[in-house]
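1. what follows is a predicted protein model with its sequence.
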Amino acid sequence: MRRNWTIGRLLGIPIDIDLSWIAMAVLLTAALATGFMERLFPLLDTRWKWSMAAVLCVLLFISILLHEVAHCWVAQKEQMQVDGISLFVFGGVAKLSSEPRSPVSEMKMAVAGPLMSLGVAGVAAALSWSLGLFTFLGEADEIFRYLARLNFFLAAFNLLPGFPLDGGRIFRALLWWSTNDLLTATRIASSAGQAFGLGLVALGCYLAVRSPATGLVQGFWFVLIGWFLGGAARLSMEQTVAYKLFARVPVCDIMNRAVEVIPSTVSVQEAVDGYFLRRPRPFFPVVDGSELKGMITLHRVRKLPREKWCEMCVSEAVESLPNREWVAADENGLVALKQLMGNGTTRLVVVRDGEVVGSLERADIRNYVHVRNILKV
Ligand SMILES: [Zn+2]
């Protein structure tokens, strides 16, 4: 099932919305309509309350988006590659596929988001103050005061020192600047981020146990956010290590040499029995001798009439292998890593001079990093 949709582009950057964000937006609108709006405008029609709650929810959405756009704008100025912005249940995230070039770049990029949120909070507070002068508008100023508070909270939360939150990035930039080593800085910042996440989990458990009646929901959120931040800190560490490491290693050094290919001369029936039924894969490379001819996909086989399977040769159902599914053996490992992380491809075919020489999966990359960590090489 699809989990995210691209809703548009800003500064050329695609904006994705995750399914979890849509669920969150619906819940938030309901909570605002029945709580906040009910308290502010008890006499107003229900339809109006819901509409205003939806508008407030959209304003919150724009606030989060502006925070991430500020990060991306600076990142682009600092020559980092920005892949997109994702909005999901805990807010937003700017997806960068390259590391900052210097501690100063990282610092500029990290402070841009919270500064933008503080700016939006200031504008919302000013609007709230001016609306408050018009008494006939009733409690309308409260809506902007609420928005100002939310943006202030957004800035404050992101400035917490748990990497990869903005505060943690500022911390890493300072470490990087003082040690002159990105890896060491990331290792320390990531450990601090994981400890911070663990601290939130512990605090959540404490709140829930101390007074289950009032603290259970609050505690649950702390545990969830702490868990998420701890995981994100670990993942960022792995990503930085991998980026540093794979920029120096060619694909042929990491790949799996045992690769399964289907000879173009076998029948479709043999391909189904001998390959697709044994390994549930979306496609297999097809070869003539060892020369790559293309691929045969499960999707294509499914569309072929069943009675033709025995008489039809695989070469008659072969399709060309899309660029995203293969990588050259001499290519730098970082290119393969980005390909595997980026577009939903789980397994790359490794090709040298038109011949299939291996395959590369995320697990191969993980194993390689793992073994290097054990051997400390
Ligand atoms: Zn941020």
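-> Structure's in. What do you need?

2. host element of the closest residue in space to A54 that isn't next to it in sequence?
-> Distances taken as C-beta to C-beta, 6 or more residues apart in numbering place T29 nearest to A54, at 5.2 Å, with adjacent residues excluded. C-beta coordinates here come from the backbone N, C-alpha and C atoms, glycine included. Assigned by DSSP states H and E, T29 belongs to helix 19-31.

3. how about T6?
-> Per DSSP H and E: strand 4-10 holds T6.

4. so how far is that strand from its chain's centroid?
-> 14 Å (C-alpha atoms, centre = their mean, to the nearest Å).

5. partner strands of it and their direction?
-> strand 13-18 (antiparallel) (DSSP bridges).

6. and the angle from the partner strand to helix 19-31?
-> Angle, strand 13-18 to helix 19-31, by axes from the mean of the first three to the mean of the last three C-alpha atoms, to 10 degrees: 70 degrees.

7. in strand 13-18, which residues are buried?
-> For strand 13-18, the neighbour count (16 or more other C-beta atoms under 10 Å) marks 13, 15-18 as buried.

8. pop the domain breakdown of the chain in here.
-> 1-159, 174-246, 251-375 (automatic domain parsing).

9. so what pLDDT did the nearest residue to C310 once chain neighbours are set aside get?
-> Residue nearest to C310 in three dimensions, not counting chain neighbours: Q269, with 4.7 Å by C-beta to C-beta, 6+ apart. pLDDT for Q269: 93.

10. count the residues that sit near Q269.
-> Around Q269 there are 16 other residues, counting by other C-beta atoms under 10 Å.

11. and the contacts of the helix or strand containing it?
-> Using DSSP H and E, Q269 falls within helix 268-271. Under the contact criterion C-beta atoms under 8 Å, 6 or more residues apart in numbering, helix 268-271 has outside partners 262, 284, 296, 301, 304, 308-310, 312-314, 317.

12. same question for stretch 118-125.
-> 63, 66-67, 144-145, 147-149, 151-152, 155.

13. write the PyMOL selection for whichever of those residues are buried.
-> Buried subset of the contacts of stretch 118-125, written as a PyMOL selection, criterion 16+ other C-beta under 10 Å:
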select buried, resi 63+66+67+144+145+147+148+151+152+155
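
14. what sits against the residue in the stretch 201-350 of the chain that the ion sits nearest to?
-> Relative to the ion, the nearest point of the stretch 201-350 of the chain is A232 (12.3 Å; C-beta to the ion). A232 makes contact with 164, 193, 197, according to C-beta under 8 Å, 6+ apart.
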